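K.L.:
Sequence first, predicted model second:
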Amino acid sequence: MDKKSMLYDLIEEYKLKHKKSAEIFEKASLYQIKGGSHNLRLFEPFPFYDVWCSGSKVLDVDGNTYVDFWQGHFANILGHNPKIVLDVLIDYFKEGQGLTTGFPGEYQKEFAELILQQLDADKIRFTTSGTLATMYAIMLAKAYTKRTLVMKVGGGWHGAQPYALKGISVYDNGMENLESAGLPPGVDSMIIMTRFNDSEDLEAKFRQYGEEVACFILEPFIGAGGFIFSHKDYLQKARELTQQYNTQLIFDEVVSGFRFHPGGLQSLYRIKPDLTVLGKAIGGGLPLSAVAGREDVMALCGPDAKMGQKVKFDGGTFSAHPASMLAGLTYIKYLIEHESEIYPRIGRLGAEVRKRIEEIFTEFGFNVKCTGYGNSVTKNSSLVGVQFLHEKIERIISPEQVWNPEVCDFEIREKIFKLAMLEEGFNIFHGYGGISAAHTEEEIQSSLDAVEKIARKWKLQI
Ligand SMILES: Cc1ncc(COP(=O)(O)O)c(C=O)c1O
């Protein structure tokens, strides 16, 4: 059976089980482009609409339940709607509080102090999304250095903001493409691309452009680029070069911030950037993000900054929203207090899943490799990617491999395997996704049984 027929059959099965979702989608599409507001949520043929999410589980309008490994774009390290956060929010709302006020609120100071202690940074400012926070961090770096160029890695995703929409997921003999229309003129030549985990390329790019580069922004664990950790010597090289060329080093820890350690990956690698961007888990399930870093750089968004260097990172009707402050504070405190239980467990589960998935597919004759492997610094990780390969490769080591259609089969991963796992009761993303503290060992084992069932079936079909 070819891929087209497999996909066709899976779509037909999916439609049978999702009749109410189909109706909602049809109506939603009258009012919204493709029936929604975030393309990643709108998979083919249409998304299921959830009515209840708790812990590891999701229930949809048609009565289907799924064990969910998408977990709110991987933000939900404690699973969906954790009671510890709901309880404090319910009390807060019962007191008649929690909606926006336009005042700083009582929790902001405590939360700022807590995050700064975790990162060992000087100052922090909160905003509402990872996208805004990376944009502000880059603006701060440009203002501080009085330079214009931004360096980023191929496969790096920093949200849809003008300074980072190049070299994200389009592979074209490398990752150098501007990936959005509507950007300011000249932005293409303003963004310098370098290869992730490639110290030689980084050195060469710094030799060529270093004196004009305002910042080097990267994810120490590349998320959308394929779930790959930085090598320690690569991050060290990045730190050395940015210091040598007076360039700001920005760690985008929107994904990695609280996923592997409450102090971010920087605390595990013991490498301090000039600026850090946090998002996703920091809000405990509510919209929140932050830029934290050096006092002299952060000061440029304050009222006392010199005109000409002052950065307009000073708005945001909903920045530091009172409910997000309380939810985030509660969540991050919990992660810190339970660090020794949570992180080793979800990391171990991730390692087991990677090992078994590779074994299963190998047993049935498929070329499949997982990503999310730890290294000497990080050991294990709770984020698991699964890549379906066109030919045998020992290990996926770069975003270029993940996005090169001649290396990895995107259609099998994001369409066929996705629908096949949904059919078995598991909602996956990037081939598997994020293991949260709410997932049980039994659920993980059942997900592996489902993978085995699918691999066995494919073996007979192909
Ligand atoms: C590493 C990274 N940076 C920035 C962003 C943008 O964050 P947001 O979606 O909150 O705007 C994302 C989102 O997935 C991300 O993964």
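P.N.:
Sure, I can see it.
K.L.:
so which strand or helix has the spatially most central residue of the chain?
P.N.:
To find the centre residue of the chain, average its C-alpha atoms and take the closest one (Cα atoms, centre = their mean): that gives Val255, at 3.9 Å. Assigned by DSSP states H and E, Val255 belongs to neither a helix nor a strand.
K.L.:
Excluding covalently adjacent residues, which one is nearest to whichever residue of the chain sits closest to the ligand?
P.N.:
Closest residue of the chain to the ligand, Cβ to the nearest ligand atom: Gly130 (2.2 Å). C-beta here means a position set from N, CA and C on the backbone, and glycine is covered the same way. If the residues on either side of it in the chain are set aside, Gly130 comes closest to Gly279, at 3.2 Å by Cβ to Cβ, 6 or more residues apart in numbering.
K.L.:
Would you mind measuring from Leu132 to Ile138?
P.N.:
Computed with Cβ to Cβ, to the nearest Å, the distance linking Leu132 and Ile138 is 11 Å.
K.L.:
shared neighbours of these two, anything?
P.N.:
Counting by Cβ atoms under 8 Å, 6 or more residues apart in numbering, the residues touching both Leu132 and Ile138 are Gln161.
K.L.:
of those two, who's got more company?
P.N.:
Higher neighbour count among Leu132 and Ile138: Ile138, with 27 against 20, using other Cβ atoms under 10 Å.
K.L.:
list the contacts for the more buried one?
P.N.:
The neighbours of Ile138, taking Cβ under 8 Å, 6+ apart as the test, are Val150, Gln161, Tyr163, Ala164, Ala214, Cys215, Ile217, Ile250.
K.L.:
any idea which element the spatially closest residue to Ala160 that is not a sequence neighbour lies in?
P.N.:
If the residues on either side of it in the chain are set aside, Ala160 comes closest to Thr131, at 5.8 Å by Cβ to Cβ, 6+ apart. In this structure, Thr131 is located in helix 130-145 according to DSSP H and E.
K.L.:
Contact residues of this structure facing the ligand?
P.N.:
73, 129-131, 134, 157-159, 219, 223-224, 252, 254-255, 279, 289 (Cβ under 6 Å from any ligand atom).
K.L.:
Show me the strands in the stretch 1-150 of the chain, by range?
P.N.:
Read by DSSP state E, counting those that start in this stretch, the stretch 1-150 of the chain holds these strands, from start to end of the chain: 50-54, 57-60, 65-68, 123-127, 149-153.
K.L.:
ok now the first one, how far from the chain's centre?
P.N.:
So the one you mean is strand 50-54. Centroid displacement of strand 50-54 relative to its chain, using Cα atoms, centre = their mean, to the nearest Å, is 21 Å.
K.L.:
Would you list the strands that it pairs with, along with their directions?
P.N.:
According to DSSP bridges, strand 50-54 has the following sheet partners: strand 57-60 (antiparallel).
K.L.:
Could I get the CA-only coordinates of the partner strand as CSV?
P.N.:
Extracted C-alpha coordinates of strand 57-60, given in CSV (Å, rounded to 0.1, in the frame of the first residue of the first chain):
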residue,chain,number,x,y,z
LYS,A,57,-5.8,13.3,29.1
VAL,A,58,-8.0,15.1,26.6
LEU,A,59,-11.7,14.5,25.9
ASP,A,60,-13.1,15.7,22.7
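K.L.:
could you give the mean pLDDT of that strand?
P.N.:
Confidence for strand 57-60, expressed as mean pLDDT, is 98.
K.L.:
For that strand, buried residues please.
P.N.:
Neighbour-count burial for strand 57-60, counted by 16 or more other Cβ atoms under 10 Å, picks out Lys57, Val58, Asp60.
K.L.:
got it, and stretch 120-128?
P.N.:
Applying a neighbour-count criterion of 16+ other Cβ under 10 Å, one finds Ala121, Lys123, Ile124, Arg125, Phe126, Thr127, Thr128 buried in stretch 120-128.
K.L.:
do stretch 436-447 as well
P.N.:
Judged by neighbour count (16+ other Cβ under 10 Å), stretch 436-447 contains these buried residues: Ser436, Ala437, Ala438, His439, Glu443, Ile444, Ser447.
K.L.:
what's the average pLDDT for it?
P.N.:
98.
K.L.:
Can I get that stretch in CSV? Just the C-alpha atoms.
P.N.:
Presented in CSV, the C-alpha positions along stretch 436-447 are these (Å, rounded to 0.1, in the frame of the first residue of the first chain):
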residue,chain,number,x,y,z
SER,A,436,4.8,15.5,31.6
ALA,A,437,4.8,14.7,35.3
ALA,A,438,1.1,13.7,34.9
HIS,A,439,1.8,10.8,32.5
THR,A,440,1.8,7.4,34.2
GLU,A,441,4.2,4.5,33.4
GLU,A,442,1.2,2.5,32.2
GLU,A,443,0.3,5.2,29.7
ILE,A,444,3.8,5.3,28.4
GLN,A,445,3.8,1.5,28.0
SER,A,446,0.5,1.6,26.2
SER,A,447,1.8,4.3,23.9
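K.L.:
Could you check how many residues crowd around the spatially closest residue to Glu13 that is not a sequence neighbour?
P.N.:
Distance criterion Cβ to Cβ, 6+ apart; nearest residue to Glu13, sequence neighbours excluded, is Glu423 at 5.9 Å. Residues contacting Glu423 under the criterion other Cβ under 10 Å number 17.
K.L.:
How about Thr276?
P.N.:
Using other Cβ under 10 Å as the criterion, Thr276 is surrounded by 28 other residues.
K.L.:
Equivalent analysis for Phe221, please.
P.N.:
Taking other Cβ under 10 Å as the criterion, the count of residues near Phe221 is 25.
K.L.:
right, and it touches Leu265 too?
P.N.:
Yes. Under the criterion of Cβ atoms under 8 Å, Phe221 lies in contact with Leu265, with a separation of 5.8 Å.
K.L.:
Identify the contacts common to these two.
P.N.:
With the criterion set as Cβ under 8 Å, 6+ apart, the overlap between the contacts of Phe221 and Leu265 is Phe229, Ser230, Ser256, Thr378.
K.L.:
okay if I get those residues as JSON lines plus secondary structure and pLDDT?
P.N.:
Putting the shared contacts of Phe221 and Leu265 into JSON lines (DSSP: H, G, I helix; E, B strand; the rest coil; pLDDT from 0 to 100) gives the following:
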{"residue": "Phe229", "secondary structure": "strand", "pLDDT": "98"}
{"residue": "Ser230", "secondary structure": "coil", "pLDDT": "98"}
{"residue": "Ser256", "secondary structure": "coil", "pLDDT": "98"}
{"residue": "Thr378", "secondary structure": "coil", "pLDDT": "92"}
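K.L.:
Same list (these) but as TSV, adding neighbour count.
P.N.:
As requested, the shared contacts of Phe221 and Leu265 are exported to TSV (neighbours: other Cβ atoms under 10 Å):
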residue	neighbour count
Phe229	27
Ser230	25
Ser256	28
Thr378	21
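K.L.:
In CSV: those residues, plus distance to Gly308.
P.N.:
Formatted as CSV, the entries for the shared contacts of Phe221 and Leu265 read as follows, by distance: Cβ to Cβ, whole Å:
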residue, distance to Gly308
Phe229, 39
Ser230, 35
Ser256, 34
Thr378, 41
